[in-house]
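Peer 1: A predicted structure for the sequence below; I have some questions about it.
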Amino acid sequence: MSGPWQAWPVGVRVVVRRHLPEGGYSDVLGEVLVTGPDGVRLLTRRGEVTVDAAEIAVGKIVPPAVPRRRRRET
């Protein structure tokens, strides 16, 4: 199976909407680590997540994350 995710360059930030086995959808947001005909592996805030090609409903490249502001010490 081939999909548009195979053209995503490693390191870009993407969001992937995937089908859940119990029904419905879930979004995965992260940086691309690996793409291929079998799916995509992303680095999210919680660690690496692999999304199989059969689960991918839609995905797209998104802008880089906005840097978090440091808390001011008072």
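Peer 2: Structure received. Quick caveat, the model's predicted, so the values are computed rather than measured.

Peer 1: tell me how far stretch 67-74 lies from the chain's centre.
Peer 2: The chain centroid and the centroid of stretch 67-74 are separated by 27 Å under CA atoms, centre = their mean, to the nearest Å.

Peer 1: and for stretch 42-59?
Peer 2: With CA atoms, centre = their mean as the basis, stretch 42-59 stands 5 Å off its chain's centre.

Peer 1: list the contacts of it.
Peer 2: Stretch 42-59 is contacted by residues 1, 3-5, 8, 14-19, 25, 28-33, 37-41 when judged by CB atoms under 8 Å, 6 or more residues apart in numbering. From N, CA and C alone the C-beta is placed, and that goes for glycine too.

Peer 1: now do the end-to-end distance for that stretch.
Peer 2: For stretch 42-59, the first and last residues are 12 Å from each other (CA to CA, to the nearest Å).

Peer 1: show me what counts as buried in that stretch.
Peer 2: By neighbour count, with 16 or more other CB atoms under 10 Å as the criterion, the buried positions of stretch 42-59 are 42, 49, 51, 53, 55-56, 59.

Peer 1: check stretch 14-31 too.
Peer 2: When neighbours are counted by 16+ other CB under 10 Å, the buried residues of stretch 14-31 are found to be 14, 16, 18, 28, 30.

Peer 1: so for that stretch, mean pLDDT?
Peer 2: When pLDDT is averaged over stretch 14-31, the result is 96.

Peer 1: next: stretch 60-67.
Peer 2: With pLDDT averaged residue by residue, stretch 60-67 scores 90.
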